[in-house]
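Enquirer: no sequence on this one, just coordinates:
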């Protein structure tokens, strides 16, 4: 099915890359939006550019550096990163990697781009595991945000649709790996590690979840070759 | 009444300055947030800093320059600014000064700051006239956005309140001038003109609305002295 344009929030990680390929596969013309908000490292963003090109998507980058985001260990390199057993990651308390209101800011920027470019959808790679720890990844938030957007944009005011899509919402990491493999995502180019070294650290929560996802999907992680 | 902290979106214009003083007057500890998003001129932002200091508020500034916002005449100096009879401004079609999804981006940034700093309210200076032209100034949008925010922030997840307040919502410009005068806002330091010259141009929609507001309020505009 031929569709209009979609804006995909692309961090350069496994999830958002899979969401990008999902959108392309569904027939959307794709614009990938990568937002630098002062993350510890720029590794993800260079992966994002490469992935967007591979997917045949336009790539738009925007930078902002809100000083208050240093309360998150994902932004402030002086704060310790969490180091939990994989089975517990994402369940229970809000982790120190929570970036206050991050997805509201990312979605608002994507919506702004969508409203300017006449896109009919915004795609975000939030998923099952994210939901428990991060309030701004939950379906109820995404639904409420979509409702606000339908009221507060030119597109919405003109009666045109602007969907917020979270195609990975019900998937665990293994399911995302399987979907990524099926869609031909170059998974070796995706970057999940919270640290920005030459190779993934293997110790942070994100590395552990990724390793577990590949293991459960019965696949080798091409990023570790 | 002694309240917690409020984040006030402060552009440096008449409306947001009045909203800032309103919040201080209501007993909030105030943090003013000014967002540079590539506006035609930096005049407003220097006014914002001065106003925040006068109000005894913290001042936080964040800059971003999304390339797609050049579709708005408020951002792209190559586009003509609208020039309408004052009585028609703000009614009818969405004007060329509409910045796609702007208030969603501004509110999301303010909410992010509120979530990081433990603020209980975000204040925006949208008002009656804005509502007709700009979909992202309408009460229904602000209500829906507040609902999303209550679901998608750490504060919300912990059951704490994070209100979105629009104290000027029902006021026309004359009412805002009267309120500003009553609250002691240094109105001469506010900047409304869409252009960024030494003095207000007097021709753009924003200058005309302001002039009419002062005239109807029976006051002289101290910015024109």
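Expert: Happy to help now that I have it. On a predicted model such as this, the values are computed, not experimentally measured, just so you know. Residues are numbered from 1 along each chain as shown, chains lettered A, B, ... in the order given.

Enquirer: tell me what the top helix by length along chain A is packed against?
Expert: Longest helix in chain A, counting residues (DSSP state H): helix A:102-117. The contact analysis (3 or more C-beta pairs under 8 Å, 6 or more residues apart in numbering or on different chains; DSSP states H and E) places helix A:102-117 against strand A:5-9, strand A:29-36, strand A:121-123, helix A:139-151, helix A:154-157, helix B:102-117. C-beta coordinates here come from the backbone N, C-alpha and C atoms, glycine included.

Enquirer: for chain A, where's the lowest mean pLDDT among helices and strands?
Expert: Least confident helix or strand of chain A, by mean pLDDT, DSSP states H and E, is helix A:128-133 with a mean of 74.

Enquirer: is it true that residue A:19 touches residue A:169?
Expert: No. Residue A:19 sits out of contact with residue A:169 when judged by C-beta atoms under 8 Å, with a separation of 10.2 Å.

Enquirer: Tell me which of those two has more neighbours.
Expert: For residue A:19 versus residue A:169, neighbours defined as other C-beta atoms under 10 Å in any protein chain shown are more numerous around residue A:19 (31 against 17).

Enquirer: so who does that one touch?
Expert: Counting by C-beta atoms under 8 Å, 6 or more residues apart in numbering or on different chains, residue A:19 touches A:8-10, A:123-125, A:167-168.

Enquirer: quick one: which of those residues has the most company?
Expert: residue A:10 (32 neighbours).

Enquirer: Could I get the pLDDT score of the residue of chain A most remote from its centre?
Expert: For chain A, the residue at maximal distance from the C-alpha centroid (C-alpha atoms, centre = their mean) is residue A:158, at 28.8 Å. You'll see residue A:158 listed with a pLDDT of 90.

Enquirer: mind showing which ranges of chain A have poor pLDDT?
Expert: The model of chain A has pLDDT under 70 over residues A:1, A:40-41, A:71-75, A:77, A:81-93, A:131-132.

Enquirer: Pull the residues that contact stretch A:149-164.
Expert: With contacts defined as C-beta under 8 Å, 6+ apart, stretch A:149-164 is touched by A:107, A:111, A:114-115, A:118-122, A:124, A:142-143, A:145-146, B:94, B:98, B:100-101, B:103-104, B:135-136, B:138, B:140-141, B:144-145.

Enquirer: in it, what's buried?
Expert: Neighbour-count burial for stretch A:149-164 flags A:149-157, A:162, A:164 (criterion: 16 or more other C-beta atoms under 10 Å in any protein chain shown).

Enquirer: Report the secondary structure state of residue A:60.
Expert: Of the three states, residue A:60 takes strand under DSSP: H, G, I helix; E, B strand; the rest coil.

Enquirer: Give the closest residue to it in space, chain neighbours not counted.
Expert: residue A:33 (5.1 Å; C-beta to C-beta, 6 or more residues apart in numbering or on different chains).

Enquirer: who touches the one you found in this structure?
Expert: Neighbours of residue A:33 in contact, by C-beta under 8 Å, 6+ apart: A:7-10, A:60-62, A:109-110, A:113.

Enquirer: now residue A:58
Expert: Listed by C-beta under 8 Å, 6+ apart, the contact partners of residue A:58 are A:30-32, A:52.

Enquirer: and what of residue A:126?
Expert: Going by C-beta under 8 Å, 6+ apart, residue A:126 touches A:15, A:103, A:134, A:137, A:142, A:166, A:168-169.

Enquirer: Nearest to chain B among those residues?
Expert: Nearest to chain B among the contacts of residue A:126, counting by C-beta to the nearest C-beta, is residue A:103 at 6.4 Å.

Enquirer: what about stretch A:162-175, how long is it end to end?
Expert: For stretch A:162-175, the first-to-last residue distance is 27 Å (C-alpha to C-alpha, to the nearest Å).

Enquirer: what's the offset of it from the middle of its chain?
Expert: Taking C-alpha atoms, centre = their mean, to the nearest Å, one finds the center of stretch A:162-175 at 10 Å from the center of the full chain.

Enquirer: So what does residue A:220 look like in phi/psi?
Expert: Dihedral angles phi and psi of residue A:220 (degrees, to the nearest 10) take the values phi -90, psi 140.

Enquirer: If I follow the layout properly, it ends up in contact with residue A:213?
Expert: No. Assessed by C-beta under 8 Å, residue A:220 is found out of contact with residue A:213, at 11.9 Å.

Enquirer: the more surrounded of these two?
Expert: Higher neighbour count among residue A:220 and residue A:213: residue A:213, with 25 against 12, using other C-beta under 10 Å.

Enquirer: What sits closest to that one if chain neighbours are left out?
Expert: Residue A:213 sits nearest to residue A:173 (C-beta to C-beta, 6+ apart), 2.9 Å away.

Enquirer: quick one: that neighbour and residue A:195, what's the gap?
Expert: Look at residue A:173 and residue A:195: by C-beta to C-beta, to the nearest Å, they are 19 Å apart.

Enquirer: Tell me which of these two has more neighbours.
Expert: The residue with more neighbours, out of residue A:173 and residue A:195, is residue A:173; 28 against 17, by other C-beta under 10 Å.

Enquirer: Next up, the contacts around the more buried one.
Expert: Counting by C-beta under 8 Å, 6+ apart, residue A:173 makes contact with A:14, A:127, A:129, A:209-210, A:212-213, A:216.

Enquirer: ok so residue A:68 is a strand residue?
Expert: No. Looking at residue A:68 with three-state DSSP, it is helix, so not inside a strand.

Enquirer: follow-up on the earlier one: now the buried members of the contacts of stretch A:149-164.
Expert: The neighbour count (16+ other C-beta under 10 Å) marks A:107, A:111, A:114-115, A:119-122, A:124, A:142, A:145-146, B:98, B:100-101, B:103-104, B:135-136, B:138, B:141, B:144-145 as buried among the contacts of stretch A:149-164.

Enquirer: give the contact list for the residue nearest to residue A:36 when sequence neighbours are not counted.
Expert: Spatial nearest neighbour of residue A:36, excluding adjacent residues (C-beta to C-beta, 6+ apart): residue A:63 at 4.2 Å. Contacts for residue A:63 (C-beta under 8 Å, 6+ apart) come out as A:35-37, B:64-65.
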